[in-house]
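Asks: curious how this folds, go ahead:
(one chain, ligands or ions: 1)
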Amino acid sequence: MYQNKLMRPYILAETNWEALKDTKFDLAVLPWGATEAHNYHLPYATDNIQADHLVAESARITWQKGGKIIVLPTIPFGVNTGQSDIYLDINLNPSTQLAMLSDIIEVLNRQGVFKLLIFNGHGGNDFKPIIRELGLKFPKMFISLSFFPQMFDKSLYFEEKGDHADEMETSLMLYLKPELVLPKEKWGDGNDKKYKIKAFTEGWVWAERKWSQISEDTGVGNPHKATKEKGARFFKDVTEKMSSLFYDLCIADVDDLYEQ
Ligand SMILES: [Zn+2]
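Replies: Purely as a prediction, here's the structure:
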């Protein structure tokens, strides 16, 4: 197998037919992000950049342990139905995601890569109903889904709560791509408005928020205590834990998934 040092054999976009014609993978990972405003200071590709780096590093560790993993290219657009009036937030409807995933899974299924993990990097993407439907259509496939912001108790890493362009995302971006983060004086406060109807804040009733009405700067969560060091620590813990999941999935027998 020919590779130079810069080619990562577990990243499909970088490897080649020479390497792949005799290789069999056990697990495909599909990172899925979004292209959307992230407060004033983070790039539109924040979710994609985070997903790219988190998945690549996790896959590197998995590959080193011997896991047969292949990372598919990150899908750069996500569901942004609630941000229709935010300039150049590029919305992909859930029905489009279903069509795309169906085509991708058809390839994997036909070619015998029966395990797929969707690495979701954007809160607006909701793959569960899609996975249920495609699981029925492709019964040989084992399709799973991860959402890394829920992996750990974020308060062990970050002081301020948030879920969009918050202290966590700003810290990660300061660690991964500081050149794309605006200087601190440009950071908005990420204040968001809650529903007046109390039940919505209790978490058992849901409606999509009209983003431009709940946040002035498009952020949800105060980023001001973000640091590169916090980002580095979170990145390391996420990728270590994620790589164990990747490895477990690589070696899992899909006909024997449940405890006795
Ligand atoms: Zn984000």
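Asks: so what's the residue in the stretch 151-260 of the chain that the ion sits nearest to up against?
Replies: For the stretch 151-260 of the chain, the residue closest to the ion is residue 169, as judged by C-beta to the ion, at 5.2 Å. Where you see a C-beta, it was placed from the backbone N, CA and C, and this is true even at glycine. Neighbouring residues of residue 169 by C-beta atoms under 8 Å, 6 or more residues apart in numbering: 38, 42, 46, 50, 162, 223.
Asks: top of those by neighbour count?
Replies: Of all the contacts of residue 169, residue 223 has the most neighbours under the rule other C-beta atoms under 10 Å, reaching 31 neighbours.
Asks: mind checking what helix or strand follows the helix or strand hosting the residue of the stretch 151-260 of the chain closest to the ion in sequence?
Replies: Residue 169 belongs to helix 167-176 when elements are defined using DSSP states H and E. Where DSSP H and E defines the elements, the next helix or strand beyond helix 167-176 is helix 198-201.
Asks: send me that next one as PDB with only the CA atoms.
Replies: C-alpha atoms of helix 198-201 as PDB (Å, rounded to 0.1, in the frame of the first residue of the first chain):
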ATOM      1  CA  LYS A 198     -43.000  28.300  31.100                       C
ATOM      2  CA  ALA A 199     -43.600  24.700  29.900                       C
ATOM      3  CA  PHE A 200     -41.100  25.300  27.100                       C
ATOM      4  CA  THR A 201     -38.300  26.000  29.400                       C
END
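Asks: going forward, the N-terminal residue is numbered 42.
Replies: Taking 42 as the first residue, the last one we looked at is helix 239-242.
Asks: so for the helix or strand following it, mean pLDDT?
Replies: Once the chain leaves helix 239-242, the next helix or strand it forms, by DSSP H and E, is helix 252-255. Mean pLDDT, computed over helix 252-255, is 96.
Asks: now check helix 252-255, is it near the ion?
Replies: No. For helix 252-255, no contact with the ion is found by C-beta under 5 Å from the ion; the gap never falls below 12.2 Å.
Asks: distance between that helix and the chain's centre?
Replies: How far helix 252-255 lies from its chain's middle: 23 Å, per C-alpha atoms, centre = their mean, to the nearest Å.
Asks: hmm, back to that, now the contacts of residue 210 as a markdown table including distance to the ion?
Replies: Shown next, in a markdown table, are the contacts of residue 210 (distance: C-beta to the ion, whole Å):
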| residue | distance to the ion |
| --- | --- |
| 79 | 6 |
| 83 | 8 |
| 87 | 5 |
| 91 | 7 |
| 203 | 10 |
| 264 | 11 |
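Asks: ok, those vs residue 129, which is closest?
Replies: For those, the residue nearest residue 129 by C-beta to C-beta is residue 79; the value is 12.4 Å.
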